[in-house]
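Student: 3D model of this:
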Amino acid sequence: MSIWLAIPVIGLFAAAAMAVAWRVVLATGNSGWADAFWSFTVGIAGVAAALAPLGGELSARNWLVAALVAFWSLRLGTHIARRTLRGADDPRYAELKRGWGDDWPRQMLVFLEIQAGVARLLAVAVMAAAHAPGPLGIGDAIGVAIAVLAIVGEAISDAQLRRFSADPANRGRVCAEGLWSASRHPNYFFEWLYWVGLVPIGLGSGWGWISLVAPILMYVLLRHVSGVPPLEAHMLRSRGEAYRAYQQRVPAFWPLRISQQTPAGR
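Tutor: Modelled structure (predicted):
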């Protein structure tokens, strides 16, 4: 299969999958399904990109990258799906819908199709890493270590927030425990870090630099577009001064310092 055929096919799949996600969001009224669909869509597209027969036999690196993407996708997609089944609308999407007003169904479709475009770009980055030539080496070991650390770190941060939120005594408080005392969004930080893991795996090829697209793109989206900004707006609206105090002592993204103060409680 030619790369010029594989990329459009993956793009069409992502666009169709996110269109289905839009219909599910409209039918259920719960925007959390959008992120669950996106996680599984990126996983499927990434595995397909890693294992695409671009001329020649598949290597151990193809299977390694495919396994990393599948592991990440299943963990994150399952977590979000379970959370969506339990709860109300995703606060980030609720914030976006508040700004969109009555036009939110159309705006949501546009937003989800933009996410489909992001999924395609991530799949291309996966393809670049997976199809780097040569035997496995130190770069692959470093990449796997980063990716596994990121998946485990994100799972721990999700579990800590889930336990905190499940305690009725914490209602209306801000979670500043565990990893949440080092970063206001440790799950986003580890999500970004996972995509950093692709870079040392892919740099052995002439077009492996394309793997840099993934962490750059995810940082911009998570830190400045669809991650931190709408969620922080929601938290300020719902937690007020407690969250402002949390903002002052804990960094938004990079876990560069650990607060020594007693948590005000997410």
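
Student: and the pLDDT for Pro91?
Tutor: In the predicted model, Pro91 carries a pLDDT score of 86.

Student: list the contacts for it?
Tutor: Pro230, Leu231, His234, Met235, Ser238 (CB atoms under 8 Å, 6 or more residues apart in numbering). C-beta: built from backbone N, CA, C; applies to glycine.

Student: how close does it sit to His234?
Tutor: 4 Å (CB to CB, to the nearest Å).

Student: shared neighbours, those two?
Tutor: Between them, Pro91 and His234 share no contacting residue under CB under 8 Å, 6+ apart.

Student: about what we covered before: from the contacts of Pro91, which land in strands?
Tutor: Judged by DSSP state E, strands contain none of the contacts of Pro91.

Student: can you lay out the residues you listed as TSV showing neighbour count and pLDDT?
Tutor: Output for these, formatted as TSV (neighbours: other CB atoms under 10 Å; pLDDT from 0 to 100):
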residue	neighbour count	pLDDT
Pro230	20	93
Leu231	19	94
His234	19	92
Met235	20	95
Ser238	12	91
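
Student: so can I have a markdown table of the residues you listed showing distance to Leu121?
Tutor: Listed next are those as a markdown table, based on distance: CB to CB, whole Å:
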| residue | distance to Leu121 |
| --- | --- |
| Pro230 | 21 |
| Leu231 | 23 |
| His234 | 27 |
| Met235 | 29 |
| Ser238 | 33 |
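
Student: nearest to Val144 among those residues?
Tutor: Leu231 (29.8 Å; CB to CB).

Student: if I pick the closest one, what's in contact with it?
Tutor: Per CB under 8 Å, 6+ apart, neighbours of Leu231: Pro91, Arg92, Glu95, His185.

Student: could you do Leu217 as well?
Tutor: Leu217 sits in contact with Val118, Leu121, Leu122, where contact means CB under 8 Å, 6+ apart.

Student: narrow those residues to those in helices?
Tutor: Among the contacts of Leu217, DSSP state H puts Val118, Leu121, Leu122 in helices.

Student: out of these, who's the most crowded?
Tutor: Using other CB atoms under 10 Å as the neighbour criterion, Leu122 leads the ones in helices among the contacts of Leu217 with 24 neighbours.

Student: and that residue, how far is that from Ala81?
Tutor: 19 Å.

Student: please apply the same query to Ala145.
Tutor: Distance of Ala145 to Ala81, given as CB to CB: 28 Å.

Student: what about the two, which has more around it?
Tutor: Using other CB under 10 Å, the more surrounded residue of Ala145 and Ala81 is Ala81, with 17 against 12.

Student: does the more buried one touch Ala36 like I think?
Tutor: Yes. If you go by CB atoms under 8 Å, Ala81 and Ala36 touch, sitting 4.3 Å apart.

Student: who touches Tyr243 in this structure?
Tutor: Counted by CB under 8 Å, 6+ apart, Tyr243 has contacts Val174, Glu232, Met235, Leu236.

Student: which parts of the helix or strand hosting it are buried?
Tutor: Using DSSP states H and E, Tyr243 falls within helix 241-249. By 16 or more other CB atoms under 10 Å, the buried positions in helix 241-249 come out as Ala242, Tyr243, Tyr246.

Student: pipe these into TSV and attach pLDDT per row.
Tutor: Putting the buried residues of helix 241-249 into TSV (pLDDT from 0 to 100) gives the following:
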residue	pLDDT
Ala242	95
Tyr243	97
Tyr246	96
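
Student: would you mind putting those residues into JSON lines with distance to Phe189 alongside?
Tutor: Listed next are those as JSON lines, based on distance: CB to CB, whole Å:
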{"residue": "Ala242", "distance to Phe189": "22"}
{"residue": "Tyr243", "distance to Phe189": "18"}
{"residue": "Tyr246", "distance to Phe189": "16"}
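
Student: grab the nearest non-local neighbour of Ala145.
Tutor: Of all residues beyond its chain neighbours, the one nearest Ala145 is Gly197 (7.7 Å), with distances taken as CB to CB, 6 or more residues apart in numbering.

Student: now for the one you found: which residues touch it?
Tutor: Counted by CB under 8 Å, 6+ apart, Gly197 has contacts Leu68, Gly143, Val144, Ala145, Ile146, Ala147, Ala150.
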